[in-house]
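The following block contains a protein sequence and its predicted model.
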Number of protein chains: 2
Amino acid sequence: MKIALDAMGGDRAPEATVHGAVWAARDFGLTIQLVGHPGVIEAELVKHSAHGLDLPIIPANEVVEMNEPPAAAVKSKKDSSMVVAIRAVKAGKSDAFVTAGNSGGALAAALFGLGRIKGIKRPALSTIFPTNAERGYCFLLDVGANTDVRPEHLLQFALMGCHYARRVLRIPNPRVGLLSTGEEEDKGNTLIQAATPLLKAGRLNFIGNVEGKDVPAGLADVIVTDGFTGNVYLKGAEGVARMIQDRLEREIKARPLARLGALLARGALRALRTTLDYREFGGVPLLGVNGVVIVAHGRSDAYAIRNAIRVARQTAEEGLVQAIESGLGGG
Amino acid sequence: MKIALDAMGGDRAPEATVHGAVWAARDFGLTIQLVGHPGVIEAELVKHSAHGLDLPIIPANEVVEMNEPPAAAVKSKKDSSMVVAIRAVKAGKSDAFVTAGNSGGALAAALFGLGRIKGIKRPALSTIFPTNAERGYCFLLDVGANTDVRPEHLLQFALMGCHYARRVLRIPNPRVGLLSTGEEEDKGNTLIQAATPLLKAGRLNFIGNVEGKDVPAGLADVIVTDGFTGNVYLKGAEGVARMIQDRLEREIKARPLARLGALLARGALRALRTTLDYREFGGVPLLGVNGVVIVAHGRSDAYAIRNAIRVARQTAEEGLVQAIESGLGGG
């Protein structure tokens, strides 16, 4: 299996990307195609003992920067690592694409270069969200690809999310929840009220509408929302987690005894950070585009990149794109 | 000044409500009108030394329950504590109304009984949200009164929020942010894109669009959003905070040394809880209705009720309703 990695994408590229590629090639025995400036990539590769690993370079001399307007950048930068990598996926030279770069850019490049899966109206960005339930996480989508959606789009997000949850996250019968302002069907806005009957009628394990507090409580495995609400929700959660950690640190620093206490409790504090850590999952799929595209966090380090490559392999092996297409046709 | 308190409203009523009323009457020298079943209230009052305090009872023999459909409950229960208290405000017998009961019920009762401030199209539910900035909090609205809004409603939420921030929260020139998926004006959904120019043109210290993570970071003093997004956002933040606290507790309990550490750091942990605590603020206004209505958290204890009464007094003293009305007329 060959996986194209955007060597230039992410806050810590190319150090973290090339390091992560070496790591993944060694751990998983995959071919990792490093897409980007050959000189830059080679300068990183020599830092590692990559002997015997299959790490070919696919040259690409431009980069879609993190804060560029995605669609315009992708259209004008035909030789960017993202556009070149997507072209390799389209041509069948790569089985999947992984990037920690501009996620809007990845979406635009995938839409232009691969198009949508037949029958899918809108692709969706997803995320793994931590929960307090036994499994420890749920799958949330859309988190930003579509800021204005129609009820039938939410149904498709639910169907795609279930395919991913079953095949890649190994959740046998994922419970689906629609994010709303209350469980009752008369709660929510007009979009939610129109979408609820569609999800009830769909071939889904739909548990009903869930509130904002039910997501971290782990009430559902797949949480469906529009990309505006999902984006605001996800960034809000990240901000609240950071605020709490910062405040706790500040309160501890202000007290000598607490500083000693934190030292004794450092295993627990570290375990808390790990459970809230995006790095274990590495990346999440761009669902609905006609190919495997895995988006990693912009802050990804080498370990996160390695794990994103693992997710890409699994998503390609499990035939997720084909499953979504035939799932729509068949049901 | 006379403040009508819903003695029957909230998870801990009537114990916490009556206790909070006694506390507020003593601390602030106010008349607190206890609205509810006289027998129930009297049985609570005798537990306190309320000698010399002005705590008249306004009889009301029904209760709008926490999970009742608000509009229907308020229409059918004419003798409920909420409806009776709102009637007292309307008749000028009370200067403000405080409740820890069903907030949708408070909204419905206020809309039916008091109506909207002249010129205001939609009332809004608000909240105090903790931040990492120096002030430690911001003011967020709407958090649930209006799940479908138009751009001009968001402008009015911003104007009302600023009046409250200036007069009651004592923030001289509140920075207003519109909750969106990015700072750029082409981000957000169609509602946000239509509202942004209105807020820019309004007589506001509008700092632009803010992301979900910017709210806890304290980038703005008044955050404006629609009631669907605001409700999902707020409940999500509460859920994430609870998840983090639960996980930290679990990790500490699993480690003997960490348990000792937590004991040494208990001052810091307590300080963290206090900064995230809704009780200090007590309650938040229902903005846009033609009278002072303060909604306290359903879980309010006596201290939170006392503080909600303080907020009600200040809101009435500062003439917030008149300020909003003339602010709209004047500009």
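Looks like it arrived, so ask away.

hey, let's count contacts and neighbours off CA atoms from now on
Will do.

What's the local residue count around the nearest residue to A:Leu45 once chain neighbours are set aside?
Distances taken as C-alpha to C-alpha, 6 or more residues apart in numbering or on different chains place A:Val18 nearest to A:Leu45, at 6.6 Å, with adjacent residues excluded. Using other C-alpha atoms under 10 Å in any protein chain shown, A:Val18 has 30 neighbouring residues.

A:Val18 contacts A:Ala43, correct?
No - the criterion here is C-alpha atoms under 8 Å, and A:Val18 misses it with A:Ala43 at 9.8 Å.

Just the C-alphas of stretch A:112-120, formatted as PDB.
Output of stretch A:112-120 as PDB, limited to C-alpha atoms (Å, rounded to 0.1, in the frame of the first residue of the first chain):
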ATOM      1  CA  PHE A 112     -11.400  19.700  -7.400                       C
ATOM      2  CA  GLY A 113      -9.200  16.700  -7.900                       C
ATOM      3  CA  LEU A 114     -11.200  13.700  -6.800                       C
ATOM      4  CA  GLY A 115     -14.800  15.000  -6.700                       C
ATOM      5  CA  ARG A 116     -17.500  13.600  -4.500                       C
ATOM      6  CA  ILE A 117     -18.500  10.000  -4.100                       C
ATOM      7  CA  LYS A 118     -21.500   9.300  -6.400                       C
ATOM      8  CA  GLY A 119     -24.700  10.200  -4.600                       C
ATOM      9  CA  ILE A 120     -23.000  12.300  -1.800                       C
END
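
now the strands for the stretch 151-300 of chain A?
Listed in chain order, the strands of the stretch 151-300 of chain A (DSSP state E, counting those that start in this stretch) span A:175-179, A:205-210, A:222-224, A:283-287, A:293-296.

ok, the first one: who's next to it in the sheet?
According to DSSP bridges, the neighbouring strands of strand A:175-179, each with its direction, are strand A:205-210 (parallel), strand A:222-224 (parallel).

so of the ones you listed, which one's packed in deepest?
strand A:222-224 (a mean of 30; mean count of other C-alpha atoms under 10 Å in any protein chain shown).

Quick one: residues in contact with it.
Contacts to strand A:222-224, defined as C-alpha atoms under 8 Å, 6 or more residues apart in numbering or on different chains, come from residues A:138-142, A:154, A:157-158, A:161-162, A:165, A:174-179, A:215.

swap the cut-off to 7 Å and go again
With contact meaning C-alpha atoms under 7 Å, 6 or more residues apart in numbering or on different chains, strand A:222-224 is reached by A:138-142, A:154, A:157-158, A:161-162, A:174-179.

how about the residues of the stretch 101-250 of chain A near chain B?
A:132, A:147-148, A:180-181, A:188-189, A:211-213, A:216-217, A:228-229, A:231-233, A:235-240, A:243, A:247-248 (C-alpha under 7 Å from any C-alpha of the partner chain).

In helices, which of these appear?
If you go by DSSP state H, those have A:216-217, A:228-229, A:231-233, A:235-240, A:243, A:247-248 in helices.

from those residues, which two are the most distant?
Greatest spatial distance among those (C-alpha to C-alpha): A:Phe228 and A:Leu248, at 30.2 Å.

what about these two, which has more around it?
Taking neighbours as other C-alpha under 10 Å, A:Phe228 and A:Leu248 compare with A:Phe228 leading, 23 against 17.

so how far is A:Asp221 from the more buried one?
Distance check for A:Phe228 against A:Asp221: by C-alpha to C-alpha, to the nearest Å, it reads 20 Å.

ok so, going back, can you tell me the SS state at the residue nearest to A:Leu45?
helix (DSSP: H, G, I helix; E, B strand; the rest coil).

which residues sit in contact with it?
A:7, A:44-45.

Let me know the closest of those to B:Asp11.
A:Ala7 (55.3 Å).

Quick one: residues contacting the closest one.
Counting by C-alpha under 7 Å, 6+ apart, A:Ala7 has contacts A:13-14, A:17-18, A:34-36.

As TSV, those residues with pLDDT and secondary structure would be great.
Shown next, in TSV, are these (pLDDT from 0 to 100; DSSP: H, G, I helix; E, B strand; the rest coil):
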residue	pLDDT	secondary structure
A:Ala13	96	coil
A:Pro14	97	coil
A:Thr17	98	helix
A:Val18	98	helix
A:Leu34	98	strand
A:Val35	98	strand
A:Gly36	98	strand
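
Any buried residues in stretch A:313-323, and which?
A:313-316, A:320-321 (16 or more other C-alpha atoms under 10 Å in any protein chain shown).

still on that earlier bit, could the strands of the stretch 151-300 of chain A go into TSV alongside mean pLDDT and distance to B:Gly92?
Listed next are those as TSV, based on pLDDT from 0 to 100; distance: least, C-alpha to C-alpha, whole Å:
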stretch	mean pLDDT	distance to B:Gly92
strand A:175-179	98	41
strand A:205-210	97	41
strand A:222-224	98	47
strand A:283-287	95	58
strand A:293-296	96	60
